[in-house]
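Colleague: what would the 3D arrangement of this be:
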Amino acid sequence: MSMNTLTPSAVAGVDASTLHLTQILVDYEDAVRLLRIRDTYDWHQRVWQAFGGRDGQTRDFLIRVDRKEEAFRVLIVSRSTPSKPDWCPTDCFGSKAIPDDFFAREHYRFSVLANPTRKMRVTNPDGSRKKNGQRVPLTSREDLVAWMQRKAEAGGFSINPDSLRIVPRGREYFHKAGAHGTHTAVDFSGELTVNNPVQLRATVALGIGSAKAFGFGLLALSPL
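Modeller: Residues are numbered from 1 along each chain as shown. The predicted model follows:
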């Protein structure tokens, strides 16, 4: 669900569930040679294995994958309790519940890897508007700042404009059954002020922007 269409009932449903933060570290060689990881969609499929016995159910987790000095770091925010998947080294898996009072602060540092886009109007041969328009990436700083500010307002917080840092990370390719393509990755970070703690918690659970199944949208917070 997009944050632009977040309803009060959806917020209440998310608020009633415990959120979990999980970190997995995987050596580069193991990721390529043993797990055959090619992209973030492959990571997403591997992370599903931490939530076994849920075939056909809706995804209720977000992931973010970063390259660290010697390993990939996979962060997971989930509403279900994860279990260590078989492919994960025991000493490289850690998970904990996020206490409700974590969201009681007024100010946080934040980071989110996002896929900021806008929807372009696409018409049918008869001139009528197609239901699903074409999404195109935002590239100018002005558009990216405005996009992040809109997401913040919908997500229950406001951003200190002087702290906002925007780092384009280029295109990220994905391959899945019957489809392939790219997303444009942009890393947003800075300091935020909470306007609505319940809404902020729902934003952490549901994510920001599109392409959440490809490693985008996880809002990471650190209290100030």
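Colleague: for this structure, longest helix please?
Modeller: In the chain, ranked by residue count with DSSP state H as the criterion, the top helix is helix 141-154.
Colleague: now the lengthiest strand in the chain and helix 141-154, what's the angle there?
Modeller: Criterion DSSP state E: the longest strand present in the chain is strand 179-194. Counting by axes from the mean of the first three to the mean of the last three C-alpha atoms, to 10 degrees, strand 179-194 lies at 60 degrees to helix 141-154.
Colleague: could you say what helices and strands strand 179-194 packs with?
Modeller: Counting contacts by 3 or more C-beta pairs under 8 Å, 6 or more residues apart in numbering; DSSP states H and E, strand 179-194 packs against strand 107-114, helix 141-154, strand 157-159, strand 165-176. (C-beta placed from N, C-alpha, C; glycine too.)
Colleague: domain ranges for the chain?
Modeller: Per the record, the chain has its domains at 14-99, 101-223, by automatic domain parsing.
Colleague: what mean pLDDT does the shortest one have?
Modeller: Summarised as a single mean, pLDDT over domain 14-99 is 87.
Colleague: so where do the strands sit in the chain?
Modeller: Under the criterion DSSP E, the chain carries strands at the ranges 19-27, 61-67, 71-78, 93-98, 107-114, 117-120, 134-137, 157-159, 165-176, 179-194, 219-223.
Colleague: could you export those as CSV, including distance to residue 210 and mean neighbour count?
Modeller: As requested, the strands of the chain are arranged in CSV below (distance: least, C-beta to C-beta, whole Å; neighbours: other C-beta atoms under 10 Å):
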stretch, distance to residue 210, mean neighbour count
strand 19-27, 21, 19
strand 61-67, 12, 20
strand 71-78, 17, 20
strand 93-98, 24, 14
strand 107-114, 8, 20
strand 117-120, 6, 12
strand 134-137, 7, 14
strand 157-159, 20, 18
strand 165-176, 13, 13
strand 179-194, 8, 17
strand 219-223, 14, 17
